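Peer 1: Predicted model follows, preceded by the sequence.
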Amino acid sequence: MDFDHRGHSRAAGTSPARLLVRLMMLVLCAMLLSRVAVAQSADAGRADALFREGRALMKKNDFEPACQKFSESQRLDPAAGTLVNLSECMEERGRLADAIRALRDALTLLKAGDDRIPKVRQQIATLSGRVPRLILRVPPDSLTGTKVFVDGVEYDAESLGASIEVNPGEHVVELAVPGKPRQRRGVDVKEGQELDVAAGDAEKKPVEPSGRKPPYRTLGYVLGGVGLIALALGTGSYLEFRDTESEREGICPSEQNCTKEEIAQDARLEQDADAVGRLAAIEIGTGLVAVGAGVFLLVYTPSGGDKRRVGSVRVAPVVGRSNLSAVLEGTW
């Protein structure tokens, strides 16, 4: 209704042109809606085909392309069932964080009362204990304007100190502080592990040809050298022991009708031989243990610093009247 200058109303005229415009708009809207409906129907059909292809690939244990089929099916036509299958596929590939995220997304699509909800929740609870987590930490003086990235994904300040679910394996953590070069480091997390990551730490690089040896290998060389010295000293003590025993054998060889002086001299030499023999046993035993430990560290600690299973060595030297022997036992 329009009003004239006196306040009376009059009906607005409707021209044929206006009617034509309105009619054209209605036709255009109807065409657009029909195209959307056709596109949605086509997407649903394609999504269903991709879903069935993914299921077939899963039965063949061909998980990577199966996951791709499920992901594309979900993009075309979101459905809780597709997400559950995608989660199972991701779990088979070891991508546990992706698997649990798919299940949580599936829960949001399931309506209250759906009988699949308890099963999905149980699957989430089971996976939760297996998913690795990173706890990102940065220096306190670096919080202002600081950005932390995990595999290129940015995490804000609220995420610092909280658990971030990741897939098992290697990840790259980067710290971006305004005005400073970006720092990065690699981390490797195992299934079920929760790892504190100091984002400000520099990346640990492989061993460079700097001439420096890992500490355990250096210790191996030191122990080996000490062991060789001890063996040399022990050999000298053992030779002295043999000389003393030979000297004893020359005193009253018949061991009959020995004089008091010969008996006293034999007793004194016996004491000397016992003392030198014990010293030889200690020196040689120490040398064998040191050399064995040094060889163990050199053989079982490669230049890259890989950790190997630690064994044990037990050496028991035996010094006899006319010979020297040792018992060597070990676990490797």
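Peer 2: Yep, it's here.
Peer 1: Secondary structure element holding residue 78?
Peer 2: In the assignment (DSSP states H and E), residue 78 maps to no helix and no strand.
Peer 1: In space, what's closest to it - neighbours in sequence excluded?
Peer 2: Of all residues not flanking residue 78 in the chain, residue 109 sits nearest, at 6.6 Å (C-beta to C-beta, 6 or more residues apart in numbering). Every C-beta, even on glycine, is put in place using the N, C-alpha and C of the backbone.
Peer 1: which residues touch the one you found?
Peer 2: 78-80, 83 (C-beta atoms under 8 Å, 6 or more residues apart in numbering).
Peer 1: Report how many residues lie close to residue 121.
Peer 2: Neighbourhood size, residue 121 [other C-beta atoms under 10 Å]: 13.
Peer 1: can you tell me which residues contact it?
Peer 2: For residue 121, counting by C-beta under 8 Å, 6+ apart, the contacting residues are residue 107.
Peer 1: mind checking the SS state of it?
Peer 2: helix (DSSP: H, G, I helix; E, B strand; the rest coil).
Peer 1: returning to that earlier point: how far away is the residue nearest to residue 78 from residue 232?
Peer 2: Distance of residue 109 to residue 232, computed by C-beta to C-beta, to the nearest Å: 79 Å.
Peer 1: On the three-state scheme, residue 180 is what?
Peer 2: coil.
Peer 1: That one: neighbour count?
Peer 2: Counted with other C-beta under 10 Å, residue 180 comes out at 11.
Peer 1: mind pulling up the phi and psi values for it?
Peer 2: phi -130, psi 150 (degrees, to the nearest 10).
Peer 1: just residue 197 next, same as before
Peer 2: With angles defined as degrees, to the nearest 10, residue 197 sits at phi -120, psi 120.
Peer 1: How about residue 270?
Peer 2: phi -60, psi -40.
Peer 1: what residues are up against it?
Peer 2: Listed by C-beta under 8 Å, 6+ apart, the contact partners of residue 270 are residue 248.
Peer 1: Please enumerate the helices of the stretch 201-332 of the chain.
Peer 2: Taking DSSP state H, counting those that start in this stretch to define them, one finds helices in the stretch 201-332 of the chain at 215-249, 260-300.
Peer 1: could those helices go into TSV alongside distance to residue 179?
Peer 2: Output for the helices of the stretch 201-332 of the chain, formatted as TSV (distance: least, C-beta to C-beta, whole Å):
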stretch	distance to residue 179
helix 215-249	36
helix 260-300	44
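Peer 1: Counting neighbours, what do you get for residue 129?
Peer 2: As a burial measure, residue 129 scores 8 neighbours (other C-beta under 10 Å).
Peer 1: okay, now the closest residue to it other than its chain neighbours: neighbour count?
Peer 2: Residue nearest to residue 129 in three dimensions, not counting chain neighbours: residue 192, with 6.2 Å by C-beta to C-beta, 6+ apart. A total of 13 residues lie near residue 192 under the criterion other C-beta under 10 Å.
Peer 1: Residue 120 versus residue 192, what's the distance?
Peer 2: 21 Å.
Peer 1: now the stretch 101-250 of the chain, which segments are flagged as low pLDDT?
Peer 2: Applying pLDDT under 70 to the stretch 101-250 of the chain flags the ranges 139-144, 157-158, 199-217.
Peer 1: which ones are touching residue 54?
Peer 2: 66-70, 73, 85, 89.
Peer 1: please redo it, this time with the cut-off set to 7 Å
Peer 2: 66, 69-70, 73, 85 (C-beta atoms under 7 Å, 6 or more residues apart in numbering).
Peer 1: Is it possible to get TSV of these that adds pLDDT?
Peer 2: Below are the contacts of residue 54 laid out as TSV (pLDDT from 0 to 100):
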residue	pLDDT
66	95
69	92
70	94
73	92
85	95
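Peer 1: Just the ones of the residues you listed in helices?
Peer 2: The members of the contacts of residue 54 that map onto helices under DSSP state H are 66, 69-70, 73, 85.
Peer 1: Quick check: closest non-adjacent residue to residue 240.
Peer 2: Going by C-beta to C-beta, 6+ apart, residue 240 has residue 276 as its nearest residue, at 5.1 Å.
Peer 1: With residue 84 instead?
Peer 2: Closest to residue 84 by C-beta to C-beta, 6+ apart is residue 106, at 5.3 Å.
Peer 1: so what's that neighbour up against?
Peer 2: 80, 83-84, 120.
Peer 1: where's it, which helix or strand?
Peer 2: helix 96-109.
Peer 1: buried ones in stretch 96-108?
Peer 2: 96-103, 105-107 (16 or more other C-beta atoms under 10 Å).
Peer 1: Same list (those) but as CSV, adding distance to residue 58.
Peer 2: CSV is the format used below for the buried residues of stretch 96-108 (distance: C-beta to C-beta, whole Å):
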residue, distance to residue 58
96, 17
97, 20
98, 15
99, 13
100, 18
101, 19
102, 14
103, 16
105, 19
106, 16
107, 21
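Peer 1: Which residues in stretch 154-167 does the neighbour count mark as buried?
Peer 2: Judged by neighbour count using 16+ other C-beta under 10 Å, the buried positions of stretch 154-167 are 155, 160, 164, 166-167.
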